[in-house]
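K.L.:
got a structure for you, letters missing:
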């Protein structure tokens, strides 16, 4: 019954998208996260209407062996209608992984390495909006961003806040899918006996790039904010076992570190914080329009 329902919904949304594409004479479509019913329907509609559809990377992708972007082993020569015919990747590593399983088709999936578009806007000074508020903490203390993933407030996080020096500012950011729990999370954090400054509400509502431009280090279980932090020269400490798999390559290159012990993390920050800030790389990305032209889309 579920399979019939999903196909019926997929087919309905596909036809709906086709009408939108035709009415507005669209020439290209983008979808953040192709791997849901909406994304698959958009891909199918785009193929029927003979216009390109690109998945716009938003987090973990091919280089982390995410199942939506890697290790497809039986791709038919004609490809899949439900998979976009193009992927906008953040890195060469993500692009190469996608190309490794898609290159055997008659019309191979097109992969464009354009970086993180949102971060590029901030780093390249092309922002047309102003940050919602100034940096949460105005002091010269050590500012730590902790990004929560799907998990609730963990014992490790509570322990870190309790035992950290009072000169440390903790900026806790809820996952976008947990916004309905932000008040409960804030209450739990407020109940922690600590002399350090801790913020949840402002940090969660502020633009992530603006925060990363003002923090000294990032800590998370397995959040893809690791990539955003690296974009802004901020090193990450990972503290959940899942990250050993998802960020295996980055760990092997020492681009991130793994620690799941309170005293170990505190000692690491105290000893190495001065060496953590990395120089932000200026990358000149190719023109997307020229990329499309060269691939005869």
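P.N.:
Yes, it's here. It should be emphasised that the depicted structure is a prediction, and the values quoted were computed from it without experimental measurement.
K.L.:
What degree of burial does residue 159 show, as a neighbour count?
P.N.:
Residues within reach of residue 159, counting by other C-beta atoms under 10 Å, total 16. For every residue, glycine as well, the C-beta is placed using N, CA and C.
K.L.:
dump the residue contacts of residue 75.
P.N.:
By C-beta atoms under 8 Å, 6 or more residues apart in numbering, the contact list for residue 75 reads 101-102, 104-105.
K.L.:
Tell me which of these fall in strands.
P.N.:
Using DSSP state E, no member of the contacts of residue 75 sits in strands.
K.L.:
Top of those residues by number of neighbours, please.
P.N.:
Going by other C-beta under 10 Å, residue 102 tops the contacts of residue 75 with 20 neighbours.
K.L.:
Provide a list of residues in contact with the residue lying closest to that residue once chain neighbours are set aside.
P.N.:
Residue nearest to residue 102 in three dimensions, not counting chain neighbours: residue 109, with 3.7 Å by C-beta to C-beta, 6 or more residues apart in numbering. Contacts for residue 109 (C-beta under 8 Å, 6+ apart) come out as 79, 83-87, 98-99, 102-103.
K.L.:
10 Å instead, please
P.N.:
Contacts for residue 109 (C-beta atoms under 10 Å, 6 or more residues apart in numbering) come out as 54-55, 72, 75, 79-80, 83-87, 98-99, 101-103.
K.L.:
Just the buried subset of those residues, please.
P.N.:
Among the contacts of residue 109, those scoring as buried are 54-55, 75, 79-80, 83-87, 98-99, 101-102 (criterion: 16 or more other C-beta atoms under 10 Å).
K.L.:
and of these, the nearest to residue 185?
P.N.:
Checking the buried ones among the contacts of residue 109 against residue 185 by C-beta to C-beta gives residue 55 as the nearest, at 30.6 Å.
K.L.:
Help me confirm that residue 112 is found in a helix?
P.N.:
No - using DSSP: H, G, I helix; E, B strand; the rest coil, the assignment for residue 112 is strand, not a helix.
K.L.:
Please enumerate the strands of the stretch 51-200 of the chain.
P.N.:
With strands called from DSSP state E, counting those that start in this stretch, the stretch 51-200 of the chain shows them at 53-56, 86-89, 110-113, 142-147, 168-173, 197-199.
K.L.:
What is the burial count for the residue lying closest to residue 53 once chain neighbours are set aside?
P.N.:
Computed as C-beta to C-beta, 6+ apart, the closest residue to residue 53 that is not its neighbour in sequence is residue 46, at 3.6 Å. For residue 46, the neighbour count with other C-beta under 10 Å is 25.
K.L.:
State the distance from residue 46 to residue 232.
P.N.:
33 Å (C-beta to C-beta, to the nearest Å).
K.L.:
follow-up on the earlier one: so can I have JSON lines of the strands of the stretch 51-200 of the chain showing distance to residue 119 and mean pLDDT?
P.N.:
Supplementary listing: these in JSON lines, determined by distance: least, C-beta to C-beta, whole Å; pLDDT from 0 to 100:
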{"stretch": "strand 53-56", "distance to residue 119": "13", "mean pLDDT": "96"}
{"stretch": "strand 86-89", "distance to residue 119": "13", "mean pLDDT": "96"}
{"stretch": "strand 110-113", "distance to residue 119": "14", "mean pLDDT": "95"}
{"stretch": "strand 142-147", "distance to residue 119": "15", "mean pLDDT": "94"}
{"stretch": "strand 168-173", "distance to residue 119": "15", "mean pLDDT": "93"}
{"stretch": "strand 197-199", "distance to residue 119": "22", "mean pLDDT": "90"}
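K.L.:
can you redo the ones you listed as TSV with distance to residue 187?
P.N.:
Listed next are these as TSV, based on distance: least, C-beta to C-beta, whole Å:
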stretch	distance to residue 187
strand 53-56	35
strand 86-89	39
strand 110-113	43
strand 142-147	17
strand 168-173	12
strand 197-199	12
